[in-house]
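Participant: the following block contains a protein sequence and its predicted model.
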Amino acid sequence: MIKTLLLIFFTMTGTAGALDLSVQEAIVIALENNRDIQIEKENVVVSEGEITTQKGFFDPILNISSFYNDGETPTVSTFIPRGTVNQQDFNVTGNLEGKFSTGTFYDVLNFSSTRTETDSPLDDLSPNWFNNLSFSIGQELLRNFGVNVNNTFVITARRSNQISEKEFENVVTNVILDVESRYWLLVASRQNLELERTALELAQDLQRRNEIQVEVGVLPRVSVTQAKSEVAAREVDVIRAENTLQAAEDNLKNVLAIDLAEKINTTDEPTTEVFQFDEQESLDEAYRERPEIKQAMLNIENRETLKGYYSNQRLPRLAIEGGVQLQGLGGDENPDRLSFGGEPEPIPSQFLGSSEAFSQIFGADFTTWQILGVFSFPIFNRTAKGEYVKARAEFDRSVITLKKTQDDVALDVRSAIREIKNSLRAIDAAHVSVELAKEVVINEQERLNVGIGTTREVLEAQRDLIDAGVREITAIANYNIALAELERAKGTLLENKGVVI
C-alpha cells in the first residue's frame with residue numbers, strides 16, 4: 001500500500017508521466033522496494049526464530065501413552081488344567097519432564113495406571129488396578145552445571161540476532177549509497193547529453209556558416225567537408241550519450257525495483273559546497289558507528305561464550321538425583337482364585353475395590369524413597385576436545401577479523417576523504433579549463449571569420465570545450481558521491497538521511 005501511494009504521488013507530481021524524484025524520494029522508494037533489503041529483513045526474522053528455538057530446549061515435555069491388550073497365553077500348571085489364561089490389560093502412562101538452565105533436570109507426575117482382568121486362578125484380584133506415581137529431580141555438578149553454560153545457545157542466538165540486525169543496517173546503508181551514487185550518475189549523464197547536443201548544434205551552425213562562406217568564395221570547399229565530418233561525429237557522440245543516459249536511468253530503476261519502462265526526472269542539483277572533515281574525528285566516529293565493527297565485536301563475544309561452553313564439555317559427568325515413588329493396588333475378588341481346602345484366605349480390606357488403588361496413592365500408603373549418583377567419564381573424550389580446539393581457534397580468528405575490519409574501516413574513511421579532496425581539486429581545475437576553452441572557441445571563431453583561422457582549429461577548440469565541460473560534470477558528480485561515501489564510511493549515512501531502523 002505504501003509503495004502504491006508513493007508511486008501514485010510521484011507520478012502525479014511528475015512531468016509527462018515521469019517520476020520527478022529527489023534523492024530523498026528515491027531513497028524512500030528503495031527502502032520500500034529493494035529486494036536486498038527485503039531479503040535481509042527476512043534474515044532478521046529467521047534469527048529471531050532461532051532465539052525461540054534455543055529457548056525451547058528448556059520447555060517442559062508432557063508425555064502420554066496408552067495401550068490395550070486382549071489375548072490368550074498358553075501355560076502348563078497344575079493349578080490351570082485347561083492350559084490357557086485369558087487376560088485383558090488397559091494402561092495409561094504420562095509424565096512431565098524437562099530441564100532448567102541451572103543444570104537441574106526433573107521428571108514429575110510420572111503416573112502409570114494399569115487395569116488387568118484375568119481368569120487365572122493364581123490372581124486373587126480380577127479385575128484389579130495397579131497405580132504408580134513418582135517424582136524425581138536431579139542436578140548436574142560438573143558438566144552442564146551453571147546458568148551460563150546451559151544458556152550458551154540462547155545467549156549466542158540473541159547475539160546472532162543482533163549481528164543480523166547490524167547486517168540489515170549494513171545492507172540498508174549500502175542500498176542508500178547505491179541509490180545516491182546512481183542518482184548523481186544519472187544527473188551527470190543527463191547533463192552530458194545536453195552538452196553533447198549543444199556541441200552538435202555548434203557543429204551544425206559552423207557547417208551552415210562555412211557553406212555560406214564557401215558560396216561567396218571566402219573559404220575553400222574542404223571547410224564544408226570538415227564541418228560535415230564533425231557533425232557526423234557529434235551525432236555519434238549524442239547517440240552514445242543517450243545510451244549512457246538510458247543505462248544510468250535503468251541502473252537507478254533497478255536499485256529502486258521499479259518498472260524499467262518508467263521514466264525518471266531528477267529534481268536535485270549536485271552541490272559544490274566545500275565541506276571540511278577532520279580525519280581523526282571521522283575515524284573515531286567510524287569505529288563507534290560502523291555496523292561491521294559492531295558485528296565483529298558481537299562475534300568475538302559469541303566465540304568466547306562458545307569457547308567456555310566447549311571447555312565445560314570436556315569435564316566428566318557427575319550428577320545426583322533423588323526421587324519418591326507412590327504405589328497403589330485395588331480391585332475385586334477373583335471368583336476363580338485358588339483355595340487349598342475350605343474357604344480361601346480373605347483379602348485384606350484395604351485392597352478391595354478399585355478406588356483403593358487411587359486412595360493408597362493419595363494417602364502415600366506405600367512409599368519408596370531413592371537417591372542416585374551418576375558418574376560418567378569418556379575414556380578419550382576426543383569429540384569434546386576437538387570442539388574446544390575449534391572454538392578456541394574460532395575465537396582467535398574473530399579477534400583477528402575485528403582488527404582487519406578496523407583496518408578496512410580506516411581505509412574506507414581515508415579513501416573517502418581523499419576522494420572528496422581530489423574531486424574538489426578536479427572541479428576547480430575543470431572550471432578553469434571550461435572558462436579558458438570558451439575564450440579559445442571565441443578567438444578561433446573570430447579568426448575564422450576574418451580569414452586567418454581554419455575550420456579545423458575551430459572544431460578542435462569546440463571539442464576541447466566539450467571535453468572540459470564533461471570533466472567538470474564528472475568531477476561534480478564524483479564529489480557528491482564521495483560525500484555519501486564518507487558518510488557510509490563513518491557509519492552515519494542512515495542518520496544523515498533520516499533513516500531509523
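Facilitator: Perfect, thanks for sending it. Numbering: from 1, shown residues only.
Participant: list the contacts of residue 361.
Facilitator: 131, 133, 326, 327, 328 (C-beta atoms under 8 Å, 6 or more residues apart in numbering). Glycine gets a C-beta too; all of them are placed from N, C-alpha and C.
Participant: show me these that map onto strands.
Facilitator: Judged by DSSP state E, strands contain the following of those: 131, 133, 326, 327, 328.
Participant: ok, residue 458 to residue 218 distance?
Facilitator: Distance, residue 458 to residue 218, by C-beta to C-beta, to the nearest Å: 14 Å.
Participant: helix, strand or coil for residue 323?
Facilitator: Secondary structure state of residue 323, per DSSP: H, G, I helix; E, B strand; the rest coil, is strand.
Participant: can you list phi and psi of the nearest residue in space to it that is not next to it in sequence for me?
Facilitator: In space, and not counting its chain neighbours, residue 323 is closest to residue 136: 3.3 Å by C-beta to C-beta, 6 or more residues apart in numbering. Per-residue torsions, residue 136: phi -150, psi 150 (degrees, to the nearest 10).
Participant: with residue 331 instead?
Facilitator: phi 170, psi -170.
Participant: and which of the contacts of residue 361 is nearest to residue 390?
Facilitator: residue 133 (45.4 Å; C-beta to C-beta).
Participant: neighbours of the closest one, how many?
Facilitator: Using other C-beta atoms under 10 Å, residue 133 has 20 neighbouring residues.
Participant: contact partners for it?
Facilitator: Contact analysis of residue 133 by C-beta under 8 Å, 6+ apart lists 109, 110, 111, 112, 325, 326, 327, 361.
Participant: what bridges to the residue nearest to residue 323?
Facilitator: Beta-bridge pairing of residue 136 under DSSP bridges involves residue 107, residue 323.
Participant: quick one, what contacts it?
Facilitator: By C-beta under 8 Å, 6+ apart, the contact list for residue 136 reads 106, 107, 108, 110, 321, 322, 323, 324.
Participant: leaving out sequence neighbours, find the closest residue to the fifth one.
Facilitator: With sequence-adjacent residues excluded and distances taken as C-beta to C-beta, 6+ apart, residue 321 is closest to residue 138, at 3.2 Å.
Participant: the one you found falls within a helix, correct?
Facilitator: No: under the criterion used here (three-state DSSP), residue 138 is strand, not part of a helix.
Participant: may I ask you to confirm that it is in contact with residue 105?
Facilitator: Yes: in terms of C-beta atoms under 8 Å, residue 138 counts as a neighbour of residue 105; the distance is 5.1 Å.
Participant: so what sits against both of the two?
Facilitator: In terms of C-beta under 8 Å, 6+ apart, residue 138 and residue 105 are both contacted by the residues residue 321.
Participant: so between the two, which is more surrounded?
Facilitator: Neighbours per residue (other C-beta under 10 Å) separate residue 138 from residue 105, with residue 138 holding more: 20 against 17.
Participant: where do the strands of this structure begin and end?
Facilitator: In the chain, strands defined by DSSP E lie at 19-21, 61-74, 84-99, 104-118, 125-140, 264-266, 317-333, 366-376, listed in chain order.
Participant: need the longest helix for the chain.
Facilitator: When the chain is parsed with DSSP state H, its longest helix is helix 382-449.
Participant: what mean pLDDT does it get?
Facilitator: Taken as a whole, helix 382-449 carries a mean pLDDT of 93.
Participant: ok now it, how far from the chain's centre?
Facilitator: 27 Å (C-alpha atoms, centre = their mean, to the nearest Å).
Participant: other SSEs contacting that helix?
Facilitator: Contacts defined by 3 or more C-beta pairs under 8 Å, 6 or more residues apart in numbering; DSSP states H and E place helix 382-449 against helix 279-289, helix 291-312, helix 455-490.
Participant: tell me the angle it makes with helix 291-312.
Facilitator: Relative orientation of helix 382-449 and helix 291-312, computed by axes from the mean of the first three to the mean of the last three C-alpha atoms, to 10 degrees: 170 degrees.
Participant: give me the angle between helix 382-449 and helix 279-289.
Facilitator: Here helix 382-449 runs at an angle of 140 degrees relative to helix 279-289 (the same axes, to 10 degrees).
Participant: so helix 382-449 versus helix 455-490, what angle?
Facilitator: Going by the same axes, to 10 degrees, helix 382-449 makes 150 degrees with helix 455-490.
Participant: contacts only, for the residue nearest to residue 476 when sequence neighbours are not counted.
Facilitator: If the residues on either side of it in the chain are set aside, residue 476 comes closest to residue 270, at 4.9 Å by C-beta to C-beta, 6+ apart. Contact analysis of residue 270 by C-beta under 8 Å, 6+ apart lists 184, 187, 188, 476, 477, 479, 480.
Participant: ok, back up a step: out of residue 458 and residue 218, which sits in the busier spot?
Facilitator: Legend: neighbour count by other C-beta under 10 Å for residue 458 and residue 218, higher for residue 458 (28 against 14).
Participant: which ones are touching the spatially closest residue to the more buried one that is not a sequence neighbour?
Facilitator: Distance criterion C-beta to C-beta, 6+ apart; nearest residue to residue 458, sequence neighbours excluded, is residue 444 at 4.6 Å. Residue 444 makes contacts with 453, 457, 458, 460, 461, as judged by C-beta under 8 Å, 6+ apart.
Participant: got it, and residue 195?
Facilitator: By C-beta under 8 Å, 6+ apart, residue 195 lies in contact with 241, 466, 469, 470, 473.
Participant: if we go to 10 Å?
Facilitator: Contact partners of residue 195, counting by C-beta atoms under 10 Å, 6 or more residues apart in numbering, are 237, 238, 241, 465, 466, 467, 469, 470, 472, 473.
Participant: residue contacts, residue 176?
Facilitator: 23, 26-27, 30-31, 34, 37, 255, 484, 487-488, 493-494, 496-497, 499.
Participant: widest-spaced pair of the contacts of residue 133?
Facilitator: 109 and 327 (15.1 Å).
Participant: mind checking the end-to-end distance for stretch 375-390?
Facilitator: 27 Å (C-alpha to C-alpha, to the nearest Å).
Participant: ok, residues contacting that stretch?
Facilitator: Identification of contacts with stretch 375-390 by C-beta under 10 Å, 6+ apart yields 141-143, 306-319.
Participant: which of those residues count as buried?
Facilitator: By neighbour count, with 16 or more other C-beta atoms under 10 Å, the contacts of stretch 375-390 hold 141, 143, 306-310, 312-313, 315, 317-319 as buried.
Participant: may I see the residues you listed arranged in CSV, with distance to residue 179 and pLDDT as well?
Facilitator: Formatted as CSV, these follow (distance: C-beta to C-beta, whole Å; pLDDT from 0 to 100):
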residue, distance to residue 179, pLDDT
141, 58, 96
143, 53, 94
306, 38, 96
307, 41, 96
308, 43, 96
309, 43, 96
310, 44, 95
312, 48, 95
313, 48, 95
315, 54, 95
317, 57, 94
318, 60, 96
319, 59, 96
